[in-house]
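# give the three-dimensional model of this entry:
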Amino acid sequence: MRKMRLMTERYMAALLALVLIGTGCAGGSKGVPEEKGYIIGFSNFSVGNSWRVQMVAEFNARAEKLVSDGVIREYTITDSDGDIDRQIEDMKGLIEKGCDAIIITAASSDELSPICEEAMSEGIAVVSFDNYVTTDNITAKVGIDEVEFGRRGAQWLVEKLGGKGSIVVLNGIAGAGVDEMRNEGAMNVFDNNPGIEVLAEVHAGWDYDRAKEAVEGFLAEFRQIDGVWSQGGAMTQAALDAFVAGGRPLVPMSGEANNGLLKSWKANMENGFDSIAPCSPTSMSADALDTAIRALDGKVVQLNTVITLPVITSDTLEDYVRMDLPDSFWNYTILTHEQIDALYR
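Predicted coordinates:
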């Protein structure tokens, strides 16, 4: 089966073709600018995996529509390639350009907070999403309830096991806020169900290869594993593949809504496999942009703007799985068929 991969050169070429880089910004205070349309900055810290590639494409799709509608005059996207200091400099550049709003997904929640506060002091609306900044002195934080993400998968697993069984846990990146919140939601459920024994936990970085190696180790160590709680689709796909390769009976495994898992799920349903796939939509970048526009228009926005958590189950799997697209596609999207083809074909 195909593995979740880091972004290929082909994805980069398609992404660059979609990105519109602004050439200058007018004065940056809230409210309708003197010239028609707002100036928007997007400070991104990485396009290092397919979720982040598609997330930027979703932002572009929404921004282009707003440009055509005359709501946005121009927009600028920066990418710090995971470098915290570089992202701080990117933010300074967007402030100096006088953008009306800046959308940010932060390389460091703490270290990007001061520059976001500086932008706010300049009258710039700041909306954080995905990897939130720590400070609450911004316009809004937009995203799903990550604790609920973890809780939903854990509660499903407990119910599938009838409240009793031995499980292993696949976490994301140690220290990442998303990882901690998802794990918190899951552990709250397991702690309240004493019949569930957590045999082992590992941070596999939301990565297929690392997760497969970890699960192979678990299978060698434990004679019986009744279930897998995983907070990432590629990791669940890897766990499924490890069970199949090891000749072990398939067990319930929670996951996430990416196409690799959904394809493997569909292929193994006849073998008794079942999963649940909460989704962190790649389109949350577009939601963050929409929130910034509402704020600039003078509408009230909530500091913590929660997107409804989409969840795929066996009953809805057929509505979302795309057998014609690669594993790296993310299945909740506002992209058109043409835009999806530009990224993935």
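# dead centre of the chain: give me the residue that sits there.
residue 280 (4.6 Å; Cα atoms, centre = their mean).
# ok, the closest residue to that one other than its chain neighbours - contacts?
Nearest residue to residue 280, sequence neighbours excluded (Cβ to Cβ, 6 or more residues apart in numbering): residue 144, at 5.7 Å. In short, each C-beta sits where N, CA and C put it, glycine included. Residue 144 makes contacts with 278, 279, 280, 281, 284, 306, 307, 308, 309, as judged by Cβ atoms under 8 Å, 6 or more residues apart in numbering.
# need the residues that contact the helix or strand harbouring residue 39.
For residue 39, the enclosing helix or strand under DSSP states H and E is strand 38-44. For strand 38-44, contacts defined as Cβ under 8 Å, 6+ apart pick out 22, 25-26, 28, 32-33, 52, 56, 59, 63, 71-80, 87, 90-91, 94, 97-106, 285, 289, 292-293, 296.
# from these, list the buried ones, please.
22, 25-26, 28, 33, 52, 56, 59, 63, 71-80, 87, 90-91, 94, 97-106, 285, 289, 292-293, 296 (16 or more other Cβ atoms under 10 Å).
# circling back to that earlier point, so how far is residue 148 from the residue nearest to the centre of the chain?
11 Å (Cβ to Cβ, to the nearest Å).
# and if you look at residue 134?
20 Å.
# same thing with residue 85?
34 Å.
# who has more neighbours, the two?
Set side by side, residue 85 and residue 148 show more neighbours around residue 148, with 16 against 11, by other Cβ atoms under 10 Å.
# for this protein, which segments count as strands?
Using DSSP state E, the strands assigned to the chain run over residues 38-44, 72-79, 101-104, 125-129, 140-143, 165-171, 196-203, 227-230, 253-254, 275-278, 304-306, 311-312.
# which strand residues bridge residue 127?
Beta-bridge pairing for residue 127 (DSSP bridges): residue 103, residue 140.
# check whether it really touches residue 293, as I assumed.
No: look at residue 127 against residue 293 with Cβ atoms under 8 Å: they stay out of range, at 9.6 Å.
# now do the shared contacts for these two.
residue 101.
# could you pull out the helices in this structure for me?
9-18, 50-68, 84-96, 113-121, 146-160, 177-191, 208-221, 233-245, 259-268, 284-296, 317-320, 337-344 (DSSP state H).
# pick the most deeply packed of these.
helix 233-245 (a mean of 25; mean count of other Cβ atoms under 10 Å).
# by how many degrees do that one and helix 50-68 diverge?
150 degrees (axes from the mean of the first three to the mean of the last three Cα atoms, to 10 degrees).
# related to what we said a few turns ago, can you pull the phi/psi pair for the residue nearest to the centre of the chain?
Backbone torsions of residue 280, given as degrees, to the nearest 10, read phi -100, psi 100.
# from residue 307, how far off is it?
For residue 280, the distance to residue 307 equals 9 Å [Cβ to Cβ].
# for the protein, which spans come out with low pLDDT?
For the chain, the stretches with pLDDT under 70 are 1-34.
# rewinding a little: quick one: closest of the helices of the chain to residue 331.
Closest to residue 331 of these is helix 317-320 (Cβ to Cβ; 4.4 Å).
# next one: that closest one to chain centre, how far?
19 Å (Cα atoms, centre = their mean, to the nearest Å).
# and residue 150, how far from residue 163?
Taking Cβ to Cβ, one finds residue 150 at 18 Å from residue 163.
# what is the neighbour count of residue 272?
Counted with other Cβ under 10 Å, residue 272 comes out at 10.
# i'd like the first residue to be 112 from this point on
Renumbered: residue one is now 112, and that last one reads residue 383.
# excluding chain neighbours, give the residue nearest to it in space.
Residue 383 sits nearest to residue 361 (Cβ to Cβ, 6+ apart), 5.5 Å away.
# residues touching that neighbour, list them.
351, 354, 355, 379, 382, 383, 384.
# OK, contacts around residue 269?
By Cβ under 8 Å, 6+ apart, the neighbours of residue 269 are 300, 301, 304, 307.
# what does residue 181 give?
With Cβ under 8 Å, 6+ apart, residue 181 has these contacts: 147, 148.
# got it, and the one 10 residues further on?
Contacts for residue 191 (Cβ under 8 Å, 6+ apart) come out as 154, 155, 156, 157, 197, 198, 201, 218.
# follow-up on the earlier one: between the helices of the chain, which one is closest to residue 281.
Of those, nearest to residue 281 by Cβ to Cβ is helix 344-356, at 4.4 Å.
# what about the closest one, distance to the chain center?
Worked out by Cα atoms, centre = their mean, helix 344-356 lies 20 Å from the chain centre.
# still on that earlier bit, now the helices of the chain in a markdown table, with distance to residue 150?
Putting the helices of the chain into a markdown table (distance: least, Cβ to Cβ, whole Å) gives the following:
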| stretch | distance to residue 150 |
| --- | --- |
| helix 120-129 | 19 |
| helix 161-179 | 11 |
| helix 195-207 | 9 |
| helix 224-232 | 13 |
| helix 257-271 | 31 |
| helix 288-302 | 29 |
| helix 319-332 | 40 |
| helix 344-356 | 36 |
| helix 370-379 | 35 |
| helix 395-407 | 10 |
| helix 428-431 | 36 |
| helix 448-455 | 24 |
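# common neighbours of residue 391 and residue 418, please.
With Cβ under 8 Å, 6+ apart as the test, residue 391 and residue 418 both reach 254, 255.
# and the contacts of residue 191, which two are furthest apart?
Largest pairwise distance in these, by Cβ to Cβ, is 12.1 Å, between 157 and 201.
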